[in-house]
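Novice: show me how the following folds:
(one chain, ligands or ions: 2)
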Amino acid sequence: MLLDVQNLKVSYGNIEALHGISFNVDRGEIVTLIGANGAGKTSTLLSLARLPRPEAPVVTGGDIRYEGASILKTEPHTLIQKKMMVLVPEGRHIFGNLTVQENLQIAAYAHHRDKNRAAVTGEILELVYGLFPRLHERRKQRGELLSGGEQQMLAVGRALMTGSDCIMLDEPSMGLAPKLMYEMFRALKRLNSVKHTTILVVEQNAKVALEFASRGYVLKTGEIIAGGASEDLTADPGVKKAYLGG
Ligand SMILES: Nc1ncnc2c1ncn2[C@@H]1O[C@H](COP(=O)(O)OP(=O)(O)O)[C@@H](O)[C@H]1O
Ligand SMILES: [Mg+2]
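Specialist: Ligands and ions are numbered 1, 2, ... in the order given. This is a model prediction of the structure:
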């Protein structure tokens with residue numbers, strides 16, 4: 001088991017956002033958490049990534065285990081430097097005044113401390129360009145000149161540059177035209193099959209998420225109300241009615 005979330009409770013001040021959720025992700029798996037706006041998807045990912053953000057919730061109960069060991073006390077930069085996991089947060093976090101290639105290189109340089117990081121960076125850059133030919137085409141363009149969808153791809157590309165074993169994505173389909181959205185999910189699927197990268201994606205777009213992931217959980221107002229193979233969830237009448245438009 002790569003990630004094992006046990007009875008996790010998190011709060012913002014005295015408002016509890018997750019009421020003891022449990023789920024797990026095996027190494028090499030693609031898993032999704034689906035749920036409506038406000039269900040607790042972002043809270044879950046922020047807790048897992050251990051980001052010391054003011055907007056991140058406080059864990060008040062339960063545990064988050066990575067390969068069996070609790071990471072509740074692990075520093076977020078340690079998670080990235082050890083290539084354990086990386087989060088692509090909601091929104092497009094890129095440097096608008098830098099080129100696409102500079103955006104990618106900086107993401108790698110910040111996280112690869114090895115002596116041969118130039119070589120490592122070159123190798124990963126090739127992988128990312130292979131997955132996202134569109135970024136390769138645009139490599140000399142400044143980030144701010146990309147379309148919204150391309151900026152989202154770049155944000156994903158930057159996360160991949162860390163070389164993490166596990167990538168977590170917060171609503172990557174948000175605001176993307178269908179064509180770009182499928183392009184991105186296809187690229188992530190290829191990454192998973194080529195590098196066996198574990199992927200945890202949270203989505204409001206349940207239809208797309210269940211097509212992409214092999215397993216999923218349904219999050220509703222801070223609780224997990226269903227879980228299973230994507231095809232079983234897709235066939236579940238309750239899930240169909242509430243999340244798949246009938
Ligand atoms: N910074 C915050 N302060 C207080 N409450 C928050 C904050 N962020 C989220 N919440 C609350 O926590 C719950 C879960 O939110 P969130 O994890 O953002 O859901 P989702 O990502 O599924 O839309 C919601 O009730 C939301 O209002
Ligand atoms: Mg959210």
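
Novice: residues contacting the residue of the chain found nearest ligand 2?
Specialist: Across the chain, the shortest distance to ligand 2 (C-beta to the ion) belongs to residue 42, at 3.2 Å. In short, each C-beta sits where N, CA and C put it, glycine included. Taking C-beta atoms under 8 Å, 6 or more residues apart in numbering, we find residue 42 in contact with 90, 170, 202.

Novice: now do the contacts for the last one.
Specialist: For residue 202, the contacting residues are 32-35, 41-42, 44-45, 168-171, 219, taking C-beta under 8 Å, 6+ apart as the criterion.

Novice: then the helix or strand containing the residue of the chain closest to ligand 2 to CSV, C-alphas only?
Specialist: Assigning secondary structure by DSSP states H and E places residue 42 in helix 41-49. Once side chains and other backbone atoms are set aside, the C-alpha atoms of helix 41-49 remain, and they are given as CSV (Å, rounded to 0.1, in the frame of the first residue of the first chain):
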residue,chain,number,x,y,z
LYS,A,41,-11.8,17.0,-1.9
THR,A,42,-9.3,19.9,-1.6
SER,A,43,-9.1,19.5,2.2
THR,A,44,-8.1,15.9,1.7
LEU,A,45,-5.3,16.7,-0.8
LEU,A,46,-4.0,19.6,1.2
SER,A,47,-3.8,17.3,4.3
LEU,A,48,-2.0,14.7,2.3
ALA,A,49,0.5,17.1,0.9
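
Novice: what sits opposite residue 224 in the beta ladder?
Specialist: Each beta-bridge partner of residue 224 is listed here, defined by DSSP bridges: residue 219.

Novice: name the nearest residue to residue 41, sequence neighbours excluded.
Specialist: Once flanking residues are discounted, residue 41 sits nearest to residue 202: 3.8 Å by C-beta to C-beta, 6 or more residues apart in numbering.

Novice: roughly how far apart are that neighbour and ligand 1?
Specialist: Spatial separation of residue 202 from ligand 1 under the definition C-beta to the nearest ligand atom, to the nearest Å is 7 Å.

Novice: doesn't residue 122 lie inside a strand?
Specialist: No. Using DSSP: H, G, I helix; E, B strand; the rest coil, the assignment for residue 122 is helix, not a strand.

Novice: for it, give its distance to residue 191.
Specialist: From residue 122 over to residue 191 the distance is 18 Å, taken as C-beta to C-beta, to the nearest Å.

Novice: sheet partners, orientation included, of the helix or strand just after the helix holding residue 42?
Specialist: Next in sequence after helix 41-49, counting helices and strands by DSSP H and E, comes strand 58-66. Applying DSSP bridges to the sheet, strand 58-66 is found paired with strand 3-12 (antiparallel), strand 69-70 (antiparallel).

Novice: winner for burial among the ones you listed?
Specialist: Neighbour counts (mean count of other C-beta atoms under 10 Å) averaged over each of the strands paired with strand 58-66 peak at strand 3-12, with a mean of 18.

Novice: do that one and ligand 1 meet at all?
Specialist: Yes. Contact check for strand 3-12 against ligand 1, using C-beta under 6 Å from any ligand atom: residues in range are residue 12.

Novice: same question for stretch 47-61.
Specialist: Yes. Using C-beta under 6 Å from any ligand atom, stretch 47-61 comes into contact with ligand 1 via residue 55.
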